[in-house]
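**Q** fold the following and give me the result.
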Amino acid sequence: MSIGIIDYGMANLRSVQKAFESVGVAAQIISTPEEIERADRIVLPGVGAFADAVRTLREKELAGPILAQIDKGKPFLGICLGLQMLFDVGYEDGVHEGLGVIKGKCVRFDVDDTLSLKVPHMGWNQLEFKRPSPLFKDLPAGAGVYFVHGYHVVPEDPGVIATTTDYGRPFVSSIWRDNVMATQFHPEKSQRVGLKILSNFAAI
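**A** Model (predicted):
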């Protein structure tokens, strides 16, 4: 079993790799279509701007191979920006086409205007489980995870929502559809809970 962490120049890959290693799972940093095809499981992390990330994936000719492996049913985990890019469109600094795996959009938090909460949303917050996802097997109710983000996703189909989190109002903090799992939070920064999530992904 091999896990490939996709390197497209916009993520702290080593921290994700070290988190997998700490639960006894070998994960390789990969950067070519051939490596994406060979990996048994794919992780797409990301930090930064939606438009830059999607453009870079396409320029490096990685978007097509990622979509092809998702279509084949390969287990996929998106982290933070890796969740947001799965959607049809993002509204960060304009209107930008996403990968179109999940119907819906990625929009900026507006809670700072209404409730004096700061954006980006940074720090620890709790998960509310909406349905049982294999990613969250054996996690306690209200498990705490670590977030750093100014945008959040809005799926057209609420059936893909795995968890929500409250930041002035509920927002989608993870999704799950078939072999596609993705989190707005950072499992690699979420200590024991995050390590359990990565271990669960490796066991799928």
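
**Q** what are the buried residues along stretch 107-124?
**A** Val107, Arg108, Phe109, Val111, Val119, His121 (16 or more other C-beta atoms under 10 Å). Every residue, glycine included, has its C-beta placed from N, CA and C.

**Q** now the fourth one, nearest residue through space, not along the chain?
**A** It stands for Val111. Gly168 (3.5 Å; C-beta to C-beta, 6 or more residues apart in numbering).

**Q** can you pull the contacts of that neighbour?
**A** Contact analysis of Gly168 by C-beta atoms under 8 Å, 6 or more residues apart in numbering lists Phe109, Val111, Thr114, Leu115, Leu117.

**Q** for the one residue sitting closest to the centre of the chain, give me its contacts.
**A** Taking C-alpha atoms, centre = their mean, the centroid of the chain lies closest to Ile79, which sits 2.5 Å from it. Ile79 makes contact with Ala11, Val16, Val43, Leu44, Pro45, Gly46, Ala182, Thr183, His186, Pro187, Glu188 under the criterion C-beta under 8 Å, 6+ apart.

**Q** repeat that for 7 Å
**A** Val43, Pro45, Gly46, Thr183, His186, Pro187 (C-beta atoms under 7 Å, 6 or more residues apart in numbering).

**Q** please report phi then psi for the residue nearest to Val111.
**A** The phi and psi torsions at Gly168 (degrees, to the nearest 10) take the values phi 80, psi -40.

**Q** next one: it from Val119, what distance?
**A** 10 Å (C-beta to C-beta, to the nearest Å).

**Q** try Val145
**A** For Val145, the distance to Val119 - C-beta to C-beta - is 18 Å.
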